[in-house]
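# next comes the sequence, and after it the predicted model I'd like to discuss.
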Amino acid sequence: MSFFRLTDKTAGTKPAEEAGSTGFRRAVRIIRTVLICFAAALYVFYFITNLRAMSIGGGILSASLLALFTFAAYKAVPLVLKTLIGERLCSFVPVTNARRDFSRIMLAALAIHIVTTILGMVLYRVFTPDFSGNLFELWETSWSKHNTDVPHYINIAENWYVNDGKDRLLIVFYPMLPLLMRMLNPVFHNSFVSAQIINTIATCLASGTAYLTLYGILGKKRSVHAALLSLLLPGAIFLNSPMTEPLFMLFCFCAFYCLQKHKFILSAVFTALAGFTRSLGVVFAAAIFIEGVGTVVRNIRDGKKCGKQIIAVAAALVISTLGTVAYLLINYNVSGDFFVFMEYEKLNWDQQLGLFFDTMRYIWDWCVNAIPNGNISVIYSLWIPTVLIAFASLALITDRMRELPSAYIVFFLAYYVLAMGCTWLLSAVRYLCATLPLTASVAALCTTKRKTQAVYGCTCVLYVAFLCMYMLRLSIF
């Protein structure tokens with residue numbers, strides 16, 4: 001049973017398009033028709049412009065992903081439209097014994113974090129028999145994969161951003177984690193230790209916040225599962241490494257929590273913090289917009305004064321961008337150019353924003369090219385997981401869409417388009433596993449004991465598989 005509260009009496013008992021008026025159903029049909037026509041036209045244009053470089057496999061994969069995304073958006077139309085007209089708004093459900101449950105979830109998260117950290121160290125030691133360092137060196141070496149972003153964050157924490165030499169390229173990495181590390185370094189005198197302390201605290205807090213946030217959506221049992229599964233999805237291996245995922249998850253989860261309480265300003269503050277941590281943090285402004293507009297419309301329809309509500313939502317949308325604005329100001333202060341990070345991303349990483357479904361085309365091409373070169377490991381450690389998470393996450397969100405607030409749906413779809421739209425996508429699993437909507441959708445599958453066992457079995461197997469590949473120093477980024 002879902003504890004998700006909707007403000008209209010018909011929601012949850014009938015499909016939204018059946019429950020609404022004739023005008024509503026007509027609007028849904030029009031939007032859906034436009035959506036399908038736009039997707040078809042976009043792919044035709046894309047196919048024609050890439051005809052010479054398009055392989056059969058790449059064309060099929062890219063078309064399939066666009067079709068699945070279009071289907072997800074198609075299903076989301078009546079749900080989002082219901083929210084925009086004020087008839088599908090979530091209301092906060094208080095958690096009984098919230099402090100006790102929050103503390104227990106945090107302790108469980110800490111236990112999982114410690115166990116997985118030790119497991120990673122053991123695996124690294126087994127896979128690297130010539131390692132001769134002490135226990136601390138084993139911890140640091142095993143969880144500091146040097147072809148990931150770990151060395152870059154440590155470098156920024158110790159030297160900050162510079163405008164000359166090769167280190168000038170590090171401006172592409174966002175400053176929240178390095179800034180916190182710099183604050184702790186005078187105490188611990190080791191950037192790795194500082195990062196691990198920050199990330200351990202953030203991981204435990206994020207897990208507890210996931211429970212409180214999803215309690216009103218999934219109910220008590222499944223919200224507990226969500227809190228634990230957030231630590232066991234395959235991309236969660238990076239929670240144990242000096243990376244930005246723990247902080248990003250914490251800020252986004254807190255933003256969702258505040259949004260469900262309709263505390264728009266506070267939600268925007270956490271959005272700004274997320275935007276100062278990673279580029280995709282500002283995407284949460286879309287969730288604030290959807291829920292904010294719906295709330296204002298609901299008040300207008302009820303004949304209530306909504307002036308303060310409009311100001312709060314407008315202010316929240318502005319505040320939510322401040323983290324990104326602060327990062328751009330750092331770019332300008334260091335280099336004299338607000339957008340120098342875009343130049344460096346293209347120059348050094350061949351990274352730009354492209355069409356998310358084009359990712360499938362170049363993945364197919366890279367797989368085909370990797371086979372003759374004997375580079376099989378990159379296929380099963382990087383490209384196959386990227387394709388699987390691209391399709392599986394969309395399918396899962398689509399399947400569980402009616403259980404999720406519209407803000408979750410809009411956030412995930414917008415996040416997906418940007419995250420998967422990288423022209424050199426190496427971290428799809430890490431990016432998508434850090435989102436609360438995906439975690440909620442996985443936990444929503446835990447409706448029976450057998451299904452719950454299956455979910456935990458699958459996630460644990462995938463987690464260990466990714467952990468092994470990470471410790472083998474394969475293409476896990």
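Noted; the coordinates are in hand.
# going forward, measure contacts between C-alpha atoms and count neighbours the same way
OK.
# distance of residue 43 from residue 73?
The gap separating residue 43 from residue 73 is 16 Å, by C-alpha to C-alpha, to the nearest Å.
# nearest residue to residue 103 other than its sequence neighbours?
Among residues not flanking residue 103 along the chain, residue 208 sits closest, at 7.4 Å (C-alpha to C-alpha, 6 or more residues apart in numbering).
# pull out the CA atoms of stretch 85-96 and give them to me as PDB.
Below are the C-alpha coordinates for stretch 85-96, written out as PDB (Å, rounded to 0.1, in the frame of the first residue of the first chain):
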ATOM      1  CA  ILE A  85      -3.500  22.100 -12.000                       C
ATOM      2  CA  GLY A  86      -3.200  21.400  -8.300                       C
ATOM      3  CA  GLU A  87      -4.700  18.000  -8.100                       C
ATOM      4  CA  ARG A  88      -1.800  15.700  -7.500                       C
ATOM      5  CA  LEU A  89       0.200  17.300  -4.700                       C
ATOM      6  CA  CYS A  90       2.000  15.300  -2.100                       C
ATOM      7  CA  SER A  91       1.500  16.100   1.600                       C
ATOM      8  CA  PHE A  92       4.000  15.300   4.200                       C
ATOM      9  CA  VAL A  93       3.400  12.200   6.400                       C
ATOM     10  CA  PRO A  94       5.100  12.400   9.800                       C
ATOM     11  CA  VAL A  95       7.100   9.400  10.900                       C
ATOM     12  CA  THR A  96       6.200   7.900  14.200                       C
END
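# how far away from the center of its chain is that stretch?
How far stretch 85-96 lies from its chain's middle: 23 Å, per C-alpha atoms, centre = their mean, to the nearest Å.
# again, but for stretch 201-210
15 Å.
# thinking again about what came up before, the residue nearest to residue 103: neighbouring residues, count only.
Counted with other C-alpha atoms under 10 Å, residues neighbouring residue 208 total 29.
# please apply the same query to residue 375.
When neighbours are defined as other C-alpha under 10 Å, residue 375 has 12 of them.
# can you report phi and psi for it?
Taking degrees, to the nearest 10, you get phi -90, psi 60 for the backbone angles of residue 375.
# ok, it - contacts?
Under the criterion of C-alpha atoms under 8 Å, 6 or more residues apart in numbering, residue 375 has no neighbours.
# where does it land on pLDDT?
The confidence metric pLDDT takes the value 90 at residue 375.
# roughly how far apart are it and residue 475?
From residue 375 over to residue 475 (counting by C-alpha to C-alpha), the distance is 11 Å.
# equivalent analysis for residue 210, please.
Taken as C-alpha to C-alpha, the span from residue 210 to residue 475 is 29 Å.
# the more surrounded of the two?
Using other C-alpha under 10 Å, the more surrounded residue of residue 210 and residue 475 is residue 210, with 30 against 19.
# list phi and psi for the more buried one.
Per-residue torsions, residue 210: phi -60, psi -40 (degrees, to the nearest 10).
# do the same with residue 181
Dihedral angles (degrees, to the nearest 10) for residue 181: phi -60, psi -40.
# thought it was touching residue 157?
Yes. Counting by C-alpha atoms under 8 Å, residue 157 is a contact partner of residue 181 at 5.8 Å.
# between the two, which has more neighbouring residues?
The neighbour comparison of residue 181 against residue 157 (other C-alpha under 10 Å) goes to residue 181, with 28 against 25.
# quick one: contacts for that one?
Contacts for residue 181 were tallied using C-alpha under 8 Å, 6+ apart; they are 157, 191, 194, 195, 198.
# please report how far the fourth one lies from residue 57.
Spelled out, that is residue 195. Residue 195 is 42 Å from residue 57, by C-alpha to C-alpha.
# and stretch 102-121, how far from the chain's centre?
Computed by C-alpha atoms, centre = their mean, the chain-centroid distance of stretch 102-121 equals 21 Å.
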